[in-house]
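1. Predicted model and sequence below, questions to follow.
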Amino acid sequence: MRFVDEATILVIAGDGGNGCISFRREKYIPKGGPDGGDGGDGGDVYIEADQNINTLLAYQFKKCFSAECGQNGQSRGCTGKKGKDIIIKVPIGTRVINKIVDEVLGDMIYHKQKLIVAKGGWHGLGNIRFKSSINRTPRQNTLGTPGEKRDLYLQLMLLADVGMLGLPNSGKSTFIRAVSAATPKVASYPFTTLVPSLGVVRMDSSNSNQFVVADIPGLIEGASEGTGLGIRFLKHLERCRVLLHLIDISSTNTSTIVNNARIIMHELEKYSSKLFHKPRWIVFNKIDLIISHEEVKNRAMKIIKLLEWNEKYYLISSINCDGIKQLCADIIYFISQNTKMLELKIEDKQLRNFNFFDDL
């Protein structure tokens with residue numbers, strides 16, 4: 001199935017039904033009072049996250065979604081039937097944006113999450129509502145209001161704990177194959193990876209010692225301006241907690257490695273300052289292609305010094321799995337610590353917002 005992560009659709013909620021003007025007429029009650037019922041409310045339009053969907057491909061073909069209108073009121077005080085709601089199912093991780101005003105309506109981040117995106121119109125009132133002691137035969141009603149109509153931009157952003165970035169052929173897909181059951185295509189030519197892929201890394205059988213890693217197509221110079229494939233998929237890294245910058249250390253030309261690493265950093269900063277300042281670790285890959293382990297260390301130290309890098313870095317081989325176990329263990333520890341810090345921040349905010357005099 002083709003991977004589609006963007007779509008534009010039109011959603012139209014149902015109009016409310018009109019109120020009815022009617023009077024009771026029976027054999028022995030020739031001049032009964034008003035009995036016109038109210039109309040029904042228009043149907044709403046909902047977006048629902050579904051874990052069984054992984055692409056927005058369906059919305060490349062069908063662009064318009066309309067809920068049912070409410071029925072008009074009827075005689076004998078009968079209320080019109082409410083219009084049926086319509087539910088549009090999207091993959092988990094979809095961001096829903098009001099295209100006209102560029103407003104984020106919501107992020108669909110868990111299964112069965114529902115978001116109302118267009119409210120149905122209100123029902124009109126029948127003439128039974130307008131009777132009074134001075135108006136015994138009201139000949140007035142109200143019309144139902146129109147339902148909301150919106151142009152929506154759907155943007156799928158993968159939910160992952162770890163995001164990988166680097167030049168084409170830096171070994172990202174090989175790494176994800178080594179640590180998870182995912183099987184992205186691997187070859188010796190650039191841009192083997194054409195769409196993002198996810199892999200679940202499990203250190204043991206418990207759910208606590210696992211994380212999700214996202215692989216996106218390689219970046220090249222000018223990616224932030226639309227060159228290559230990377231710019232289109234960089235958004236999939238925005239929800240990651242930590243980024244792994246994979247660098248092919250097998251080249252003998254250190255200056256080329258440094259320049260390539262700077263290209264990735266520069267493109268990341270140009271795309272998004274927020275993404276650039278996310279926690280990022282450098283991972284030197286393909287150490288199996290260097291004969292001496294001492295040479296690996298010296299080359300890595302030289303590159304780190306030239307990049308003026310003060311954060312974490314790792315030496316791994318995705319082919320031989322050297323250094324991968326320690327890297328994955330550190331990722332799990334980092335994620336668990338960040339989760340605890342987030343929980344503490346939320347609790348602290350709740351305490352600061354609590355008013356101790358509310359119960360006095």
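-> Cool, got the structure.
2. Find the residue ranges of the stretch 51-200 of the chain scoring beneath the pLDDT cut-off.
-> 182-194 (pLDDT under 70).
3. how about the strands in it?
-> 64-66, 86-91, 94-98, 103-108, 114-118, 149-156, 162-165, 197-202 (DSSP state E, counting those that start in this stretch).
4. in the chain, which spans are helices?
-> Along the chain, the segments classed as helices by DSSP state H run 172-179, 230-233, 254-271, 273-276, 293-307, 324-352.
5. and the third one with helix 293-307, angle?
-> Just to be clear, that refers to helix 254-271. 50 degrees (axes from the mean of the first three to the mean of the last three Cα atoms, to 10 degrees).
6. and the residue lying closest to Asp5 once chain neighbours are set aside, how far is that from Lys274?
-> Nearest residue to Asp5, sequence neighbours excluded (Cβ to Cβ, 6 or more residues apart in numbering): Leu156, at 3.9 Å. From N, CA and C alone the C-beta is placed, and that goes for glycine too. For Leu156, the distance to Lys274 equals 19 Å [Cβ to Cβ, to the nearest Å].
7. can you list the strands of the stretch 51-200 of the chain in CSV and add mean neighbour count?
-> Converted to CSV, those look like this (neighbours: other Cβ atoms under 10 Å):
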stretch, mean neighbour count
strand 64-66, 15
strand 86-91, 19
strand 94-98, 20
strand 103-108, 16
strand 114-118, 18
strand 149-156, 19
strand 162-165, 26
strand 197-202, 19
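8. Check the gap between the closest residue to Glu103 other than its chain neighbours and Tyr313 for me.
-> Leaving out its chain neighbours, the residue that sits closest to Glu103 by Cβ to Cβ, 6+ apart is Ile97, at 6.8 Å. From Ile97 across to Tyr313, the span is 37 Å (Cβ to Cβ).
9. How about the contacts made by the residue nearest to Asp5?
-> Leu156 makes contact with 4-6, 55-56, 90-91, 93-95 under the criterion Cβ atoms under 8 Å, 6 or more residues apart in numbering.
10. These into CSV, with extra columns for distance to Thr174?
-> Listed next are the contacts of Leu156 as CSV, based on distance: Cβ to Cβ, whole Å:
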residue, distance to Thr174
Val4, 26
Asp5, 24
Glu6, 28
Thr55, 24
Leu56, 28
Val90, 31
Pro91, 26
Gly93, 25
Thr94, 29
Arg95, 30
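11. any idea which of those residues is the one closest to Asn72?
-> Nearest to Asn72 among the contacts of Leu156, counting by Cβ to Cβ, is Val90 at 33.3 Å.
12. check contacts around the closest one.
-> Val90 is in contact with 47-50, 53, 56, 96, 108, 154, 156, counting by Cβ under 8 Å, 6+ apart.
13. Give the bridge partners for it, please.
-> Ala49 (DSSP bridges).
14. swap in the one 4 residues further on?
-> Beta-bridge pairing of Thr94, defined through DSSP bridges, involves Met108, Leu156.
15. doesn't Ala49 make contact with it?
-> Yes. Thr94 is within contact range of Ala49, at 6.8 Å (criterion: Cβ atoms under 8 Å).
16. Quick check: neighbours shared by those two?
-> Common contacts of Thr94 and Ala49, defined by Cβ under 8 Å, 6+ apart, comprise Met108.
17. The strands of the stretch 51-200 of the chain: which one's closest to Val179?
-> Among the strands of the stretch 51-200 of the chain, strand 197-202 comes nearest to Val179, with 4.7 Å by Cβ to Cβ.
18. With only the CA atoms kept, save the closest one in PDB.
-> The C-alpha coordinates for strand 197-202 follow below in PDB (Å, rounded to 0.1, in the frame of the first residue of the first chain):
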ATOM      1  CA  SER A 197       9.200   3.000   8.700                       C
ATOM      2  CA  LEU A 198       8.700   2.100  12.300                       C
ATOM      3  CA  GLY A 199      10.300  -0.600  14.400                       C
ATOM      4  CA  VAL A 200       9.600  -1.700  18.000                       C
ATOM      5  CA  VAL A 201      12.800  -2.500  20.000                       C
ATOM      6  CA  ARG A 202      12.300  -4.900  22.900                       C
END
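19. Give me the angle between it and helix 172-179.
-> Using the same axes, to 10 degrees: strand 197-202 against helix 172-179 is 30 degrees.
20. packing partners for strand 197-202?
-> Contact partners of strand 197-202 among helices and strands, from 3 or more Cβ pairs under 8 Å, 6 or more residues apart in numbering; DSSP states H and E: helix 172-179, strand 210-215.
21. What residues sit buried inside stretch 56-71?
-> Neighbour counts using 16 or more other Cβ atoms under 10 Å place 56, 59, 65-71 of stretch 56-71 among the buried residues.
22. Tell me the gap between that stretch and the middle of its chain.
-> In terms of Cα atoms, centre = their mean, to the nearest Å, the centre of stretch 56-71 is found 20 Å from the chain centre.
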